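Engineer: Test case, fold it:
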Amino acid sequence: MKLLYALLCDSAFLSIDRKVNIIGVFETINAAKFPVTHPKFVIVGSVAPSKKNFKMSINIVDEENKVPVLGDIQEREVSLPKEGGGQNFNFIVEVVNANFAKPGSYSVKISIDSEVIGEIPLKVAESKLEALGPPS
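Structural biologist: A predicted model of the protein is given here:
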């Protein structure tokens, strides 16, 4: 199993002709205060499968203390059609209300049958946003 690509974005969907459409790719989540709950983002990617049946899981881990952010791993059984030989397995996973306790480096880990096949770095940063007022 080989991860061909994986990205974090605001939204993704399959078009009628099965093309992956990706909107708003990012690597950093900014927050004014912590803990923070990020309302929604999407993990999108493609795997070149070496077998038809496998278990895929995705988790987000705090790189400093190795604590999972998602709590329970987003795990699913995948059964690819027998006649789809040579086709890649595209995935679109929506993450809703992910809680980040503190700013720092995180990693989105993509696993097949409990083996990590790829990671996406994710930075969660504290932004010092100041209210814009009229010029003085």
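Engineer: What is the lowest-mean-pLDDT helix or strand in the chain packed up against?
Structural biologist: Scoring the helices and strands of the chain by mean pLDDT, DSSP states H and E places strand 74-79 at the bottom, with a mean of 80. Secondary-structure packing of strand 74-79 (3 or more CB pairs under 8 Å, 6 or more residues apart in numbering; DSSP states H and E): strand 53-62, strand 89-100. The way it works is simple: take the backbone N, C-alpha and C, and place the C-beta from them, glycine included.
Engineer: Just put these in TSV and tack on mean neighbour count, distance to residue 31 and mean pLDDT.
Structural biologist: As requested, these are exported to TSV (neighbours: other CB atoms under 10 Å; distance: least, CB to CB, whole Å; pLDDT from 0 to 100):
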stretch	mean neighbour count	distance to residue 31	mean pLDDT
strand 53-62	18	15	92
strand 89-100	15	7	91
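Engineer: Indicate which one of the ones you listed is closest to residue 106.
Structural biologist: With respect to residue 106, and counting by CB to CB, the nearest of the helices and strands packed on strand 74-79 is strand 53-62 at 5.5 Å.
Engineer: how far off strand 89-100 does the closest one point, in degrees?
Structural biologist: Angle of strand 53-62 versus strand 89-100, following axes from the mean of the first three to the mean of the last three CA atoms, to 10 degrees, is 30 degrees.
Engineer: got the CA positions of strand 53-62 in PDB?
Structural biologist: The C-alpha coordinates for strand 53-62 follow below in PDB (Å, rounded to 0.1, in the frame of the first residue of the first chain):
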ATOM      1  CA  ASN A  53      -9.700  -5.600   1.500                       C
ATOM      2  CA  PHE A  54      -8.100  -3.500   4.200                       C
ATOM      3  CA  LYS A  55      -8.800  -1.500   7.300                       C
ATOM      4  CA  MET A  56      -8.000   2.300   7.000                       C
ATOM      5  CA  SER A  57      -7.700   4.600  10.000                       C
ATOM      6  CA  ILE A  58      -6.800   8.300  10.400                       C
ATOM      7  CA  ASN A  59      -5.800  10.100  13.600                       C
ATOM      8  CA  ILE A  60      -4.300  13.400  14.600                       C
ATOM      9  CA  VAL A  61      -1.600  13.200  17.200                       C
ATOM     10  CA  ASP A  62       0.100  15.900  19.300                       C
END
